[in-house]
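Asker: predicted coordinates and the sequence they were generated for:
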Amino acid sequence: MKILVLNSGSSSIKFQLFDANTNKSLVSGIIEQIGERKSHAKIQFKDENGQNIILEKNIAIKDHKAGLEIMNALLIESKIIKDLCELDGIGHRVVHGGEKFSKPTIISNEVIKEIEKLIPLAPLHNPANLDGIKSSIEHCPNVPQVAVFDTAFHSSIPKYAYMYALPYETYEKDGVRRYGFHGTSHHFITKEAAKFLDMDVNKLNAITLHLGNGASMSAVKNGKSIDTSMGLTPLEGLIMGTRCGDIDPAIIFYLSRTEGLSIDELDNMLNKKSGLKGVCGNNDMREIGELAKEGNKKAKLALEMFSYRIKKYIGSYSAVLGRVDCLIFTGGIGENDIEVRKNSCSNLENFGISLDLDKNNQRAKETIDISSNESKVKVLVIPTNEELEIALQVKSLI
Ligand code: ADP
């Protein structure tokens with residue numbers, strides 16, 4: 001059984017093909033700079049001798065449909081498939097499923113219309129996801145196509161946790177509420193943790209931390225998300241690469257009045273010029289770590305702020321959950337950054353959380369337990385695999 005996973009952005013398509021019987025990745029790749037004069041398509045895989053093979057094409061790719069054709073040509077050249085149309089299923093990452101979609105869903109015309117209706121909630125992402133979906137259906141109309149939503153895992157959050165204390169009609173009329181994102185990743189690491197700890201996932205209580213360029217945390221009770229740090233959009237919650245996370249909303253009115261900034265300028269500032277980049281001018285955690293070691297004060301401050309915010313969320317989610325079986329780090333920063341993990345978990349012994357600093361002193365290539373023997377809460381680092389999770393969800397549906 002072969003399942004392709006597509007993650008379509010506005011100018012790129014990332015893809016990975018899985019053997020869904022063994023859960024092994026057969027080939028992965030990316031089409032970049034779609035719509036520009038010089039586009040780039042690349043796939044990589046291992047041949048029968050275990051050698052890494054890369055196939056590339058540099059030609060203008062005008063849209064997602066042309067991108068899929070190039071991808072198909074490269075996959076045929078690799079001899080891994082004869083044609084995309086022979087696949088058993090294609091899974092599409094869709095960022096916003098609103099209140100409508102709480103599960104992976106076979107894509108029909110009706111479903112496409114519903115995803116279109118959600119565009120105002122995710123104006124950058126859903127249109128690009130739809131471009132990928134429509135091109136893929138056009139290319140292989142007989143292959144089952146499934147939408148897997150970033151928001152779906154959080155559909156179990158209770159109403160008192162997803163509502164904002166705004167006039168009720170903003171929820172009823174405009175859909176203003178917490179939706180949460182990174183759900184596929186939070187779900188995947190929750191299931192992996194249950195396997196690692198040999199526990200029934202439906203009895204597992206966890207605090208999950210997805211720390212990448214975008215970052216979010218979730219409180220997971222009995223295997224289900226009951227709260228998460230991102231909100232109506234991915235701007236709320238933790239400090240991120242370029243996003244501010246939680247701020248006093250009145251800052252927006254204040255800056256608008258004092259600096260004369262427009263709504264669009266403020267939107268751009270909060271999403272693209274804030275977070276780690278806003279504080280220290282850099283949004284790559286590796287470089288920030290180096291700068292801090294060299295004595296750069298703003299880099300050091302950015303690191304302190306980043307872990308302090310995480311710690312506050314660990315505290316509040318511990319309170320919300322009562323019993324916490326494990327804390328799980330994932331994402332580029334969560335999997336690799338020793339200092340961030342150490343600082344986020346320091347002085348949390350009263351919460352039953354303590355690290356073994358030697359065990360923490362490594363990057364995770366597979367699931368590792370970095371908690372001390374005394375720690376009541378297991379602290380795990382689990383490499384996320386959103387693509388595999390999407391493939392598994394497609395498999396379970398078709
Ligand atoms: P995205 O959200 O774009 O998928 P990733 O999950 O790849 O992002 O995470 C990107 C972040 O991970 C960057 O801040 C990067 O610096 C950080 N990162 C990657 N590798 C390391 C490492 N070895 N040590 C510290 N940070 C790392």
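Answerer: Noted; the coordinates are in hand. Numbering: from 1, shown residues only.

Asker: for the stretch 1-150 of the chain, what are the low-confidence residue spans?
Answerer: For the stretch 1-150 of the chain, no stretch is flagged by pLDDT under 70.

Asker: and the strands in it, which stretches?
Answerer: 2-8, 13-19, 24-32, 40-46, 52-57, 89-94, 105-106, 145-149 (DSSP state E, counting those that start in this stretch).

Asker: can you name the residues in contact with the last one?
Answerer: Contacts with strand 145-149, where a contact means CB atoms under 8 Å, 6 or more residues apart in numbering, come from 89-97, 101, 104-107, 111, 115, 129, 133, 136-137, 183-184, 389-390, 393-394, 397-398. Any C-beta I mention is one placed from the backbone N, CA and C, and that applies to glycine too.

Asker: name the strands paired with it and say parallel or antiparallel.
Answerer: Strand 145-149 sits in its sheet next to strand 89-94 (parallel), strand 105-106 (antiparallel), going by DSSP bridges.

Asker: nearest to the ligand: which residue in the chain?
Answerer: Gly332 (2.1 Å; CB to the nearest ligand atom).

Asker: number of nearby residues for Glu110?
Answerer: Using other CB atoms under 10 Å, Glu110 has 9 other residues around it.

Asker: residues in contact with it?
Answerer: Contacts of Glu110 by CB under 8 Å, 6+ apart: none found.

Asker: what's the answer for the one 4 residues further on, then?
Answerer: Contacts here follow CB under 8 Å, 6+ apart; on that basis Glu114 touches Gly98, Lys100, Phe101.

Asker: circling back: which one of the strands paired with strand 145-149 is the most hemmed in?
Answerer: strand 89-94 (a mean of 26; mean count of other CB atoms under 10 Å).

Asker: C-alpha coordinates for it, CSV please?
Answerer: Extracted C-alpha coordinates of strand 89-94, given in CSV (Å, rounded to 0.1, in the frame of the first residue of the first chain):
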residue,chain,number,x,y,z
GLY,A,89,-4.2,7.3,-1.3
ILE,A,90,-3.0,10.9,-1.1
GLY,A,91,-3.1,12.8,2.1
HIS,A,92,-3.2,16.6,2.2
ARG,A,93,-2.1,18.7,5.1
VAL,A,94,-4.8,21.4,5.6
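
Asker: now check it, is it near the ligand?
Answerer: No - Strand 89-94 is not in contact with the ligand by CB under 6 Å from any ligand atom; minimum separation 11.9 Å.

Asker: find the nearest non-adjacent residue to Asn271, please.
Answerer: Arg243 (5.5 Å; CB to CB, 6 or more residues apart in numbering).

Asker: quick one: the one you found is in a strand?
Answerer: No - assigned with DSSP: H, G, I helix; E, B strand; the rest coil, Arg243 falls outside any strand and is coil.

Asker: now do the strands in the stretch 201-350 of the chain.
Answerer: So, for the stretch 201-350 of the chain - with DSSP E, counting those that start in this stretch - the strands run 206-211, 215-221, 224-228, 326-330.

Asker: what parts of the stretch 151-300 of the chain come near the ligand?
Answerer: Residues of the stretch 151-300 of the chain lying near the ligand (CB under 6 Å from any ligand atom): Gly212, Asn213, Gly214, Gly241, Asp284, Met285, Arg286.

Asker: from the residues you listed, keep the buried residues only.
Answerer: Gly212, Asn213, Gly214, Gly241, Met285 (16 or more other CB atoms under 10 Å).

Asker: adding distance to His125 and pLDDT, write those out as a markdown table.
Answerer: Putting these into a markdown table (distance: CB to CB, whole Å; pLDDT from 0 to 100) gives the following:
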| residue | distance to His125 | pLDDT |
| --- | --- | --- |
| Gly212 | 15 | 95 |
| Asn213 | 14 | 92 |
| Gly214 | 11 | 95 |
| Gly241 | 16 | 96 |
| Met285 | 23 | 96 |
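
Asker: Leu255 and Ile263 touch, don't they?
Answerer: No - Leu255 lies out of contact with Ile263 (CB atoms under 8 Å); the separation is 10.9 Å.

Asker: more neighbours, those two?
Answerer: Leu255 (15 against 9).

Asker: circling back: let's have the strands of the stretch 201-350 of the chain in a markdown table, adding mean pLDDT and mean neighbour count.
Answerer: Supplementary listing: the strands of the stretch 201-350 of the chain in a markdown table, determined by pLDDT from 0 to 100; neighbours: other CB atoms under 10 Å:
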| stretch | mean pLDDT | mean neighbour count |
| --- | --- | --- |
| strand 206-211 | 98 | 28 |
| strand 215-221 | 98 | 27 |
| strand 224-228 | 98 | 23 |
| strand 326-330 | 98 | 28 |
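
Asker: and the pLDDT at the residue nearest to Asn271?
Answerer: With respect to pLDDT, Arg243 scores 96.

Asker: what do you get for the one 5 residues further on?
Answerer: The predicted local distance difference test score for Asp248 is 98.

Asker: show me the contacts for Pro353.
Answerer: You called it Pro, but residue 353 is Ile. Contacts of Ile353 by CB under 8 Å, 6+ apart are Ile314, Val324, Leu327, Cys345, Ser371, Ser375, Lys376, Val377, Val379.

Asker: the fifth one contacts Leu355, doesn't it?
Answerer: Yes - Ser371 lies in contact with Leu355 (CB under 8 Å); the separation is 6.2 Å.

Asker: shared neighbours of these two, which are they?
Answerer: Val379.

Asker: residue contacts, Pro127?
Answerer: Counting by CB under 8 Å, 6+ apart, Pro127 has contacts Ser10, Ile119.
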